[in-house]
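1. One predicted model, sequence on top.
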Amino acid sequence: MSEDLNPYQAPSADLNAPKPAVSSSGLTETMIKYLRETAPWLRFIGIISFIGCGLMLFVGIGFMIAIPFAVGSRDIYAGLLGSSIGILYLIIGAVLFFPARFTYNFGTKIRSFLQSNSEQDLETALKNNKSLWKFYGILCIVYLAIIPVAIVASIIPLVGSLIF
């Protein structure tokens, strides 16, 4: 009977097996490659988001200025509606600024980490990533809380119009 077929033989390990290349930060080369490919996209999405926030603010101010002047004193409700829409745009633009900042900072800190190999840059990048997803989670909770209120608020006038 040969040694290779002995089912009771002790297990052995190949000590010369190739191991993943690990940098001084503890990341493998594959991880660093993915970070290198991701960083420009994060920065791009962050910049586009900043531009979107600016446009939202610009449109909100435009609504607040243009609509009341356009309707004048003829229809006060249309003026109020235009101003309300403008305020809504301003609020949305201000709220969306934060995920834009977190996304951009995440990409920038990954890029800094890849250049300096500083653990502090990697920690800051991951902190921004955590903040981004925490912000979106809170925003989702707020949205889910607003939905029932909006449903009830839309049913009340309907029921009132059916009764009277």
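-> Nice, thanks for sending it over.
2. Looking at the lengthiest helix in the chain now, give me its mean pLDDT.
-> Counting by DSSP state H, the longest helix found in the chain is helix 119-163. For helix 119-163, the mean per-residue pLDDT is 92.
3. Compute the distance from the centre of that helix to the centre of its chain.
-> The chain centroid and the centroid of helix 119-163 are separated by 13 Å under C-alpha atoms, centre = their mean, to the nearest Å.
4. Tell me which residues touch residue 111, please.
-> By C-beta atoms under 8 Å, 6 or more residues apart in numbering, residue 111 lies in contact with 39, 40, 43. Heads up, the C-betas are built off the backbone N, CA and C, glycines and all.
5. Okay, and which of those residues map to strands?
-> Nothing among the contacts of residue 111 maps onto strands, per DSSP state E.
6. Can you lay out those residues as a markdown table showing neighbour count, distance to residue 110 and pLDDT?
-> Shown next, in a markdown table, are the contacts of residue 111 (neighbours: other C-beta atoms under 10 Å; distance: C-beta to C-beta, whole Å; pLDDT from 0 to 100):
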| residue | neighbour count | distance to residue 110 | pLDDT |
| --- | --- | --- | --- |
| 39 | 20 | 4 | 94 |
| 40 | 12 | 9 | 94 |
| 43 | 18 | 9 | 96 |
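7. Among those residues, name the ones in helices.
-> Using DSSP H, the subset of the contacts of residue 111 located in helices is 39, 40, 43.
8. Any figure for the gap between residue 85 and residue 45?
-> 27 Å (C-beta to C-beta, to the nearest Å).
9. ugh, typo on my part, it should be residue 62
-> Residue 62 sits 25 Å away from residue 45, going by C-beta to C-beta.
10. More neighbours: the two, which one.
-> The residue with more neighbours, out of residue 62 and residue 45 and counting by other C-beta atoms under 10 Å, is residue 45; that gives 16 against 13.
11. Spell out the secondary structure type for that one.
-> helix (DSSP: H, G, I helix; E, B strand; the rest coil).
12. okay but it is in contact with residue 101, surely?
-> No. Applying C-beta atoms under 8 Å as the test, residue 45 and residue 101 come out as separate, 11.7 Å apart.
13. list the contacts for residue 88?
-> residue 60.
14. Kindly calculate the angle that the one helix or strand it maps to makes with helix 119-163.
-> For residue 88, the host element (DSSP states H and E) is helix 76-116. Angle of helix 76-116 versus helix 119-163, following axes from the mean of the first three to the mean of the last three C-alpha atoms, to 10 degrees, is 160 degrees.
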